[in-house]
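[1] Predicted structure and sequence below. I'll ask about it afterward.
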Amino acid sequence: MMNPMRGSWSLQAQKAHLVLGSVITAATILLPVIFRQQYWAVHAVFVSSILRLAKIPHSLLLPGSTDGIEPVRGANPTFLVDIAGLSDTAIVAIVAVAILAMLVIVLIPRFSPPFKIVLFFFLALVLVNVAYEVLHHGPPMPLQVDWLTSGIVIIPLITLMLNFTLFPIPGGLLTKLAGLFGCLVFSFAWSTLRFSLALASLFHLGTASYMFLEYVPGAFLDFVYVLLFYSLVMYQLTTARSPQRRASI
Amino acid sequence: MSLLVDVAMLVIVFIIFAYAIRHYRFYWNRTFAIQEQSSLDFVDAYTPAVSIVLPMKNEEKVASRLLDALVKIDYPKENGRYEIIAVDDHSTDKTPEIVDNYAARYGFIKAVHRSGGSVLTKPAALNAGLTFVNNEIVLFFDADYVPPRDCVKRLVAPFANPLVVGVMGRVIPINSGETIVTRILDLERAAAYQVDQEARQNLALIPQFGGTVGGFRRAFLSERGHSHFDPYHFAEDTDMTYRAYLSGWRVSYVNTAECYEEVVAKAQQRGVQVRRWAIGHNYCLFDYLLRTATSRFLPFWRKLDGVMLLGVYAMPFLQMVGWILGIYSYLFQPPFWSPLLFALFLTLAYNVVGNLALFSEIGSACYLDRRSRSIWLLPLMLPIVLYYVIVGTRAFIDSIIGHLFVRRKRRKEASESQENTLSSNEKQVRTEWRKTQHSGNSEHS
């Protein structure tokens, strides 16, 4: 039985922490806008390093050094990568495997419905991306590091959300800052890795998998790790508030 | 066509964004604002005569637990001021014997056995129980609930306010450690009651009667004559909530009136449950949307909350439509911003789907309840969210079909015959209990 008065109490918001968090939020909105080119350049260099490590042949065009080739558009860092073409046989095989996998998932009763639906969801997205491959031949447009591919948009979203949901909660400022900056660093690392993976898949597997890897994990997994960091900090704040419970849990 | 798709997507994103704002508002108010606690002053001081109606169908595993808890309730029991009406509704197990046994042992317990009647639904069982009620305040508990000793006096306290005709208490899972599903439902319940309902109470919006751990004034229930609850409704609780508000009355939520319940242990059972609630709730959407939006009794914010509350179970359908439109934009004539919008859509969508409270609400509820380890389960809610989208979409389509082809026909027939009669075919389909079978498993039993 927990405290019977838990139903009526509320918390004193830590306004100083909230103000500090708001300053950080404002900074994470303004700085990426002002220094976006520099951010993209750093991001592109990291991606290029990962691609070299993975032995993916590519060229990186940074603004101001075109090596005799104009970037595809704008002045953003641009990658030149050979794109694998999917044969008709491969497309048929992918579709067949995806549909077969869907059938297997339906027929296996041991899977819980939520996990069935998650697997179904991803398989359906594979089919959507194969359809994209069939409908839209040719290289995908966003081979540049830009708003969509660099993960820059998620940075202010992360600070905005964590500022609002974590900073006013009573608890240590260091814990909150560590959670926030840990999440931002992870976000940068993840967006770099994701774009590298997408470019590698473009080289090995073609357009469909590139779009799949670039956008689908971006939308979903961003929130999984944000939630993980949120959970981690809330856990620390809650246990720090009631130290007698730490031993019993 | 492309413009139409873009406009439709923007409208959906706007609606989902509005729900996200609503959830953040609730989180902030519940976590940091001073909570309205006027009813606490009346606990012990205001003890009106109360009747408790217990609808039961094949509840042999949990009936004794509930009746034992209600016998031990801390409430004045003399002179008929506390009575329990246990309604056995066509049970085929040992429920009738259990109920009779308790009625023989305790003078304040009445056993009601329904063996006839054409409508075998929970609301019909409640109506049958209500005909035996003698007291001014009527509370309801489902058979799988376990009220603590102070539950009843906390629940009746808000009735000291003459504007309050309904009340609702907090529901807490008793078997949260049973499976991963029960653990996640524990989080959902915590957010839904500790944060969502309490914030709505605190902001003077529309706290909702949930069908159990709550009740109404008998005078309000009697306004409908013999049929107090709509016997065919899947969400008679939401129906009664809106009837109260649209008549100028209020429903009060009491966060300190805690009651323990047995939640379903399997995702599939949860899906069936959510689908049933969603269909009923969507019927309320169709019935009350216009009346809520134009009600002269509701101030602006209460009206807005009422409209948004009605639309909660339509959100998964909107979500699905958004996904389909997103895929269309992706495959055919994608505008330059469509990938960004798609990502934005998914991002926002994660937070606000269906009846699921925002992760911040859950985090806040865990903090207020001082439960730290439960917070780790938050990321596991992603598959549950996707599951609710599918279940909710199916329920929304079912509710549209049911509203257009079954309910209208039934209402027409009822108005023609001036009584609630159904065709024999409909009786088979629509007039049975839709319930979860309870196991009696619990940590506290």
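    Cool, the structure landed.
[2] Report the rounded mean pLDDT for the longest strand belonging to chain B.
    Using DSSP state E, we find that the single longest strand of chain B is strand B:250-261. Regarding strand B:250-261, the rounded mean pLDDT is 94.
[3] That one and chain A, any residue contact?
    Yes - Strand B:250-261 reaches chain A (Cβ under 8 Å from any Cβ of the partner chain) through B:254, B:255, B:256, B:257, B:258. Where you see a C-beta, it was placed from the backbone N, CA and C, and this is true even at glycine.
[4] Kindly reformat those residues as CSV and extend each row with neighbour count.
    Formatted as CSV, those follow (neighbours: other Cβ atoms under 10 Å in any protein chain shown):
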residue, neighbour count
B:254, 28
B:255, 30
B:256, 22
B:257, 28
B:258, 23
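[5] Quick check: residue A:186 is in a helix.
    Yes - counting by DSSP: H, G, I helix; E, B strand; the rest coil, residue A:186 is found in a helix.
[6] Could you grab the helix/strand/coil label for residue 29?
    Since you didn't name a chain, this refers to chain A. Three-state call for residue A:29 (three-state DSSP): helix.
[7] Tell me, how many residues neighbour it?
    14 (other Cβ atoms under 10 Å in any protein chain shown).
[8] Show the contacting residues for the residue nearest to it when sequence neighbours are not counted.
    Distances taken as Cβ to Cβ, 6 or more residues apart in numbering or on different chains place residue A:156 nearest to residue A:29, at 4.4 Å, with adjacent residues excluded. Taking Cβ atoms under 8 Å, 6 or more residues apart in numbering or on different chains as the criterion, residue A:156 is in contact with A:25, A:28, A:29, A:32.
[9] Could you do residue B:189 as well?
    Contacts for residue B:189 (Cβ under 8 Å, 6+ apart) come out as B:171, B:172, B:173, B:263.
[10] Pretty sure residue A:47 sits against residue A:199.
    Yes - the criterion here is Cβ atoms under 8 Å, and residue A:47 meets it with residue A:199 at 7.0 Å.
[11] Identify the contacts common to those two.
    Residues touching both residue A:47 and residue A:199 (Cβ under 8 Å, 6+ apart): residue A:79.
[12] Would you list the strands that the longest strand of chain B pairs with, along with their directions?
    Applying DSSP bridges, strand B:250-261 is found paired with strand B:145-146 (antiparallel), strand B:164-173 (parallel).
[13] Can you tell me which of these is most buried?
    With neighbours taken as mean count of other Cβ atoms under 10 Å in any protein chain shown, the strands paired with strand B:250-261 reach their highest mean count in strand B:164-173, at a mean of 25.
[14] in the next helix or strand after that one, what's buried?
    Following strand B:164-173 in sequence order, the next helix or strand is helix B:180-189 (DSSP states H and E). By 16 or more other Cβ atoms under 10 Å in any protein chain shown, the buried positions in helix B:180-189 come out as B:181, B:182, B:183, B:184, B:185, B:186, B:187, B:188, B:189.
[15] do the same with stretch A:192-209
    By neighbour count on 16+ other Cβ under 10 Å, the buried set for stretch A:192-209 is A:192, A:194-203, A:205-209.
[16] quick revisit: which of the contacts of residue A:156 count as buried?
    For these, a burial check counting by 16+ other Cβ under 10 Å picks out A:25, A:28, A:32.
[17] nearest to residue B:135, of those residues?
    Of all the buried ones among the contacts of residue A:156, residue B:135 sits closest to residue A:25, with 54.9 Å by Cβ to Cβ.
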